[in-house]
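Engineer: take this sequence and fold it.
(one chain, ligands or ions: 1)
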Amino acid sequence: MKSIWARLGWGKYLVYLYALIILSWLFDVNLFILILIIALVYGSVELFVFLYFKGGKFLAIKDGIDSHIQNCNDLNRHIEELKNSYFDFQNQSYGIAGMIDTSKYSFQRRELKKMHKSNQVYNCSLSICRNAANEPFKYLCKYFKIDINEDTLNKFGELLNNFSSAEEGKKILLKERKEILDSIENEIPRLIITYYKQRLIENLGFLQIDLSTSYFPTFTFQYVSSGGNSSMKSNIIFDIKNLNDFIQFINNKIDYINSSKGQRSLMTSILRTYIKERDKFMCRSCGNGIINEPNLLLEIDHIIPISRGGLTTLGNLQTLCWRCNRSKGSKIIV
Ligand SMILES: [Zn+2]
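Structural biologist: The predicted structure is shown next:
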């Protein structure tokens, strides 16, 4: 819900003008002179800020932390790659859902554009729509033709693995950026830290961090009455919790069919935590760990990739730092 102030748009300037008229009347000053004084003060501040960001002192500070900023930006790009690790849920398309972005963040929205492709809509009767809301996973598999087998389990496991890293990465990235900013706080004028923080972040060269979670795939059951006057929608959003639950759901179904668990472990959030603890929160490739680098994003890697027949078993899983995992290969799930 947007605040009234945000909804006003250009109307804000009208409010400012009224405030000025009232001020000029209260203090018995000419309105024109009042506007002139305010414009002068505002202009001087803007000029100061503009010149500051061009000045040698600021550029020296920027140079001093350049490697940290580049590291942040690399992690930022890595997170964007992780978010893009979709796979084709099916060959048949059920149409494209219209999305309205109602979140309050005004960041870049690349995911939102891609999301139209991955979003699936199934037009159905009212009873299916209602049932889908009650038993989402069962109806999802049936109507969106998601097979209940090992392959599905692996794909959704990898999706959860990548999305979990992306979500953890976002938190780490924000923390890292804050620590970098804190480290130079005393060298930057108070005015800029307080009122021009966003511009400071941009001028230091940080990429925008996209905090929105709109990249999570969504499946929609939609009923529209023949007259078009009534409608109902059931959305299934594959966020971290739903992915965990869905993996458990598929696993239970397979066990029911096969009645043998074999060697399989389930790629869930619990397993991810277990593997990191087992590996003492250290990268098994470069040896770097959270003791040396507290804001290090650690990921879970299949030693033999799933695409080459590797299994989700304790022996085939290892902790890697995001840098080593990134250089190991692509995040595309086949
Ligand atoms: Zn490493």
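Engineer: going forward, measure contacts between C-alpha atoms and count neighbours the same way
Structural biologist: OK.
Engineer: so where do the helices sit in the stretch 101-250 of the chain?
Structural biologist: 110-118, 126-134, 136-143, 150-184, 190-195, 197-204, 240-258 (DSSP state H, counting those that start in this stretch).
Engineer: for the ion, find the nearest of the ones you listed.
Structural biologist: helix 150-184 (14.7 Å; C-alpha to the ion).
Engineer: helices and strands around the closest one, which ones?
Structural biologist: helix 66-83, helix 240-258, helix 269-278, strand 298-302 (3 or more C-alpha pairs under 8 Å, 6 or more residues apart in numbering; DSSP states H and E).
Engineer: where are the low-confidence patches of the stretch 151-300 of the chain?
Structural biologist: Low-confidence segments of the stretch 151-300 of the chain, defined by pLDDT under 70, span residues 256-263.
Engineer: so how far is the ion from F27?
Structural biologist: 66 Å (C-alpha to the ion, to the nearest Å).
Engineer: look up phi and psi at that residue.
Structural biologist: phi -100, psi 0 (degrees, to the nearest 10).
Engineer: before we move on, the earlier item: single out the most deeply packed of the helices of the stretch 101-250 of the chain.
Structural biologist: With neighbours taken as mean count of other C-alpha atoms under 10 Å, those reach their highest mean count in helix 150-184, at a mean of 19.
Engineer: and the chain, which residues reach the ion?
Structural biologist: C283, C286, C321, C324 (C-alpha under 5 Å from the ion).
Engineer: same list (these) but as CSV, adding neighbour count and secondary structure.
Structural biologist: Output for the residues of the chain next to the ion, formatted as CSV (neighbours: other C-alpha atoms under 10 Å; DSSP: H, G, I helix; E, B strand; the rest coil):
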residue, neighbour count, secondary structure
C283, 25, coil
C286, 11, coil
C321, 23, strand
C324, 16, helix
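Engineer: dump the helices of the stretch 101-250 of the chain into CSV; add distance to I35 as well.
Structural biologist: Below are the helices of the stretch 101-250 of the chain laid out as CSV (distance: least, C-alpha to C-alpha, whole Å):
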stretch, distance to I35
helix 110-118, 41
helix 126-134, 58
helix 136-143, 60
helix 150-184, 35
helix 190-195, 21
helix 197-204, 26
helix 240-258, 52
